[in-house]
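# model the structure of this input:
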Amino acid sequence: MKVLQVHNLQSAYGGADEVIRLESAALRSKAIDVELYTVSTTEALDAHGRTSVALRSVVNRTAYQELLQRIRDFQPDVVHFHTPFPLLSLAAFRAAYVEGVASVVTCHSFRFSCIAGNLLRDGQSCSLCVGKKLKWPGIVHRCYRDSVSGSAALVAGIGLHRTVWSYQDWINRFVVMTPFARDVLAKDVGNAERIVVKPNFSEDLGFVRQPNVDRGSVGLRFVFAGRLEPEKGIKTLMEAWRQRSAQGAESQLVVAGDGSLRAEVEELVRKDRTVRYEGFLSRKEMRVLLQSADCVLFPSEWPEAGPTLAMMEAFSVGAPILAADEPNFASAISQGQNGWVFQGGSTADLARALSSVEALGSDNLAKLRVASRRTFDGRFSEAVVVPKLIAIYEEALTQAAFSNHTSSGTKVRLAERAEG
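Reported below is the predicted structural model:
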């Protein structure tokens with residue numbers, strides 16, 4: 001089998017990029033030929049400016065023609081799209097469609113339903129645009145990077161491809177990570193039978209039965225690793241930690257990552273000796289940090305697209321998890337077994353939960369580490385997830401082989417691939 005991965009690179013390396021790296025390596029290990037086609041939003045902005053990029057997000061003819069040629073040259077069995085926004089535009093889907101090639105889309109956010117991608121507005125849950133063909137509230141509220149023009153371009157692109165060309169019919173399989181994400185997507189693309197639930201998988205960082213940390217007089221070590229942005233719940237975490245420190249709690253909070261709230265984290269470090277800030281860490285450094293954690297914190301205040309790679313990596317080392325109770329995000333948590341949930345956005349409930357975990361002590365927490373590792377092995381390991389991905393490719397091949405638009409010659413070729 002031959003797979004062409006297609007992705008719109010963003011300004012910084014993120015979860016989708018890591019998923020592509022891991023999937024590509026795993027597929028190649030199974031003798032599947034994988035190539036990658038990308039466009040870069042940052043490079044386009046530097047070369048052409050915001051106006052040109054905004055127009056291309058509606059219909060990017062250049063990317064369409066380039067992808068079409070890449071498909072003809074590589075002759076993939078499956079084109080696997082990841083993030084098409086903003087630069088590829090949904091016109092990229094048509095390139096696979098007109099060539100009669102099976103196509104799969106992994107939804108790394110809620111962008112098909114919400115131009116902000118996170119179902120949030122002003123820090124609160126928002127579903128105004130979910131299910132709307134023309135997502136005009138996103139323009140009114142400047143939901144895409146606080147830009148009217150950028151929001152209008154993205155709304156126009158999604159609306160045009162949905163109402164005029166029915167882009168949802170160009171795709172054989174949409175892949176989401178949870179039932180919640182499936183239900184949201186179905187309101188916008190219909191074709192519920194084409195939506196498949198499959199989690200991502202993460203690198204196995206290595207199970208440790210006891211955290212690798214020299215405690216000294218310190219209590220437990222809690223770790224937050226992620227973007228320092230409001231939707232990640234870092235403000236709620238900092239305020240909850242201040243309350244606990246004021247009460248004399250002696251555990252340690254280690255924060256790793258970068259973002260717009262970095263200065264606030266650094267200010268907390270200056271005022272509270274129990275808080276340490278590590279900045280942005282390399283893969284090796286992150287492995288060491290997670291292996292030193294008694295508990296890993298995920299206070300995210302938006303649904304996420306599903307359990308994150310960082311959560312899966314925490315499970316891989318055996319760290320119990322304390323997470324906000326977003327149903328899409330915390331679906332991997334079994335209360336008191338591999339972690340706990342608290343009321344998302346509630347400083348008081350997070351402070352209470354931290355105290356409850358601390359009261360268990362390191363010996364009792366160690367008992368949860370085996371269950372955390374079992375969660376990784378059973379749900380988020382390469383051995384479990386990659387066969388599901390290949391099965392999705394095979395389903396897409398079968399459907400494409402019998403699609404009405406596909407030429408008779410291509411149908412024969414696809415049917416042979418699906419059977420072989």
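
# C-alpha from now on. contacts and neighbour counts both.
Noted.

# pull out the buried residues from the lengthiest helix in the chain.
As assigned by DSSP state H, the longest helix anywhere in the chain is helix 347-375. Going by neighbour count (16 or more other C-alpha atoms under 10 Å), the buried part of helix 347-375 is 347-354, 357-358, 362, 365-375.

# so what secondary structure elements neighbour whatever helix or strand comes next after it?
Using DSSP states H and E, the helix or strand that follows helix 347-375 in sequence is helix 382-401. Identification of packing neighbours for helix 382-401 by 3 or more C-alpha pairs under 8 Å, 6 or more residues apart in numbering; DSSP states H and E yields helix 15-29, strand 78-81, strand 102-106, strand 173-176, helix 408-419.

# got the angle between helix 382-401 and strand 102-106?
Between helix 382-401 and strand 102-106, the angle comes out at 140 degrees (axes from the mean of the first three to the mean of the last three C-alpha atoms, to 10 degrees).

# in helix 382-401, what's buried?
For helix 382-401, a neighbour-count test (16+ other C-alpha under 10 Å) marks 382, 385-386, 388-389, 392-401 as buried.

# next one: stretch 125-133
Going by neighbour count (16+ other C-alpha under 10 Å), the buried part of stretch 125-133 is 128-131, 133.

# cool, and stretch 93-100?
Within stretch 93-100, the residues scored as buried using 16+ other C-alpha under 10 Å are 93-97, 99-100.

# nearest to Val164 among these?
Within the buried residues of stretch 93-100, the smallest distance to Val164 is 12.7 Å, found for Arg94 (C-alpha to C-alpha).

# pLDDT score for the closest one?
pLDDT recorded at Arg94 is 92.

# ok, now His48?
59.

# with Asp363 instead?
75.

# can you check Glu250 too?
Predicted confidence (pLDDT) for Glu250: 82.

# that one - how many residues pack around it?
The tally of other residues near Glu250 (other C-alpha atoms under 10 Å) stands at 16.

# and it, how far from Ala96?
Distance of Glu250 to Ala96, computed by C-alpha to C-alpha, to the nearest Å: 57 Å.

# same question for Ile234.
41 Å.

# now do Cys129
From Cys129 over to Ala96 the distance is 28 Å, taken as C-alpha to C-alpha.

# check Gln243 too.
Gln243 is 55 Å from Ala96, where distance means C-alpha to C-alpha.

# and what of Phe180?
28 Å.

# how about Val130?
26 Å.

# if we can go back for a sec, let me know the closest of the buried residues of stretch 93-100 to Asp294.
Phe93 (44.5 Å).

# got the contact list for stretch 362-370?
Under the criterion C-alpha atoms under 8 Å, 6 or more residues apart in numbering, residues 209-210, 220, 294, 317-320, 337-339 lie in contact with stretch 362-370.

# can you give the distance of that stretch from its chain's centre?
Distance of stretch 362-370 from its chain centroid, counting by C-alpha atoms, centre = their mean, to the nearest Å, is 28 Å.

# so which residues of this structure form helices?
Remark: helices assigned in the chain by DSSP H are 15-29, 41-56, 61-74, 91-98, 137-140, 148-163, 179-189, 234-246, 262-271, 283-291, 309-317, 347-375, 382-401, 408-419.

# center of the protein - which residue?
Centroid check for the chain by C-alpha atoms, centre = their mean gives His108 as the closest residue, at 4.4 Å.

# wait, that one touches Phe81, no?
No: using C-alpha atoms under 8 Å, His108 is not in contact with Phe81, being 10.4 Å away.

# shared neighbours of these two, anything?
Taking C-alpha under 8 Å, 6+ apart as the contact criterion, no residue touches both His108 and Phe81.

# ok, and the most crowded of the contacts of stretch 362-370?
Using other C-alpha under 10 Å as the neighbour criterion, Ala319 leads these with 36 neighbours.

# distance of that one from Val130?
When distance is defined by C-alpha to C-alpha, Ala319 is 35 Å away from Val130.

# count of neighbours near Asn200?
The burial count for Asn200: 28, using other C-alpha under 10 Å.

# next one: it, what pLDDT does it get?
pLDDT, Asn200: 97.

# swap in the one 5 residues further on?
According to the per-residue confidence, Leu205 scores 94 in pLDDT.

# again, but for Asp214
62.

# repeat for Ala44
We have a pLDDT of 61 for Ala44.

# just to revisit the earlier point, save the buried residues of stretch 125-133 as CSV, and put in pLDDT too.
CSV is the format used below for the buried residues of stretch 125-133 (pLDDT from 0 to 100):
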residue, pLDDT
Leu128, 96
Cys129, 97
Val130, 97
Gly131, 95
Lys133, 93
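
# could the residues you listed go into a markdown table alongside distance to Ser166?
Output for the buried residues of stretch 125-133, formatted as a markdown table (distance: C-alpha to C-alpha, whole Å):
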| residue | distance to Ser166 |
| --- | --- |
| Leu128 | 21 |
| Cys129 | 18 |
| Val130 | 17 |
| Gly131 | 14 |
| Lys133 | 10 |
